[in-house]
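Participant: Kindly return the folded structure for what I paste below:
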Amino acid sequence: TKHVIKNILWTTAKNFTVERGRQQIEELISTWDIHESWLHHSEFLEEEELKDSKRYHYRACWGIPTRRKPIPQATASVYFVIVISKFKPDTTPVEVFYRLESSRLIRRPEQCQFREKWLKDIIENKIVCTERL
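Facilitator: Numbering: from 1, shown residues only. Predicted structure coming up:
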């Protein structure tokens, strides 16, 4: 079966604010097919000034708290970057990229559907590592 990649309408460079960026990341996350037992929080990390763009870095930290373990054994982070070009018109939508904490692969929301399995894999690997120690 063909998966439909869900994306959102991103704000324009002109209308971008740090908080608007965080809200839109939350809006994107709400389109992901993730079980309700997963909880997350998102936060703004930093603004980066480059020659051709400004980049805004965010993180969403995920975990599955339970009654027995309200503080999850391990968490998984997804890092987002919102890019505003200094050369494109300010009516152009911002560009958005994300990567998983365990990966160098950079993904674009409009090209790749997020998978819950990626979060599970990160957490399972962390738990295995801590058990070995």
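
Participant: Kindly export stretch 72-80 (C-alpha atoms) in PDB.
Facilitator: Below are the C-alpha coordinates for stretch 72-80, written out as PDB (Å, rounded to 0.1, in the frame of the first residue of the first chain):
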ATOM      1  CA  PRO A  72      10.800   6.700  31.200                       C
ATOM      2  CA  GLN A  73      13.900   4.500  31.300                       C
ATOM      3  CA  ALA A  74      15.200   6.300  28.200                       C
ATOM      4  CA  THR A  75      14.000   9.000  25.800                       C
ATOM      5  CA  ALA A  76      14.400   9.700  22.100                       C
ATOM      6  CA  SER A  77      15.000  13.100  20.600                       C
ATOM      7  CA  VAL A  78      14.100  14.400  17.200                       C
ATOM      8  CA  TYR A  79      16.000  17.600  16.100                       C
ATOM      9  CA  PHE A  80      14.300  20.100  13.800                       C
END
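
Participant: What segments of this structure are strands?
Facilitator: Using DSSP state E, the strands found in the chain span residues 39-49, 53-63, 76-85, 95-100.

Participant: Could you dump these into TSV and include mean pLDDT?
Facilitator: What follows is the strands of the chain, written out as TSV (pLDDT from 0 to 100):
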stretch	mean pLDDT
strand 39-49	97
strand 53-63	97
strand 76-85	98
strand 95-100	97
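
Participant: of those strands, which approaches N7 most closely?
Facilitator: With C-beta to C-beta as the criterion, N7 lies closest to strand 95-100 of the strands of the chain, at 8.8 Å. Where you see a C-beta, it was placed from the backbone N, CA and C, and this is true even at glycine.

Participant: Could you check how far K120 is from Q111?
Facilitator: Note on K120: its distance to Q111, by C-beta to C-beta, to the nearest Å, is 22 Å.

Participant: can you check E101 too?
Facilitator: 20 Å.

Participant: Between the two, which has more neighbouring residues?
Facilitator: More crowded of E101 and Q111, by other C-beta atoms under 10 Å: E101, with 16 against 8.

Participant: thinking again about what came up before, quick one: which of the strands of the chain is nearest F16?
Facilitator: Using C-beta to C-beta, the nearest of the strands of the chain to F16 is strand 76-85, at 6.1 Å.
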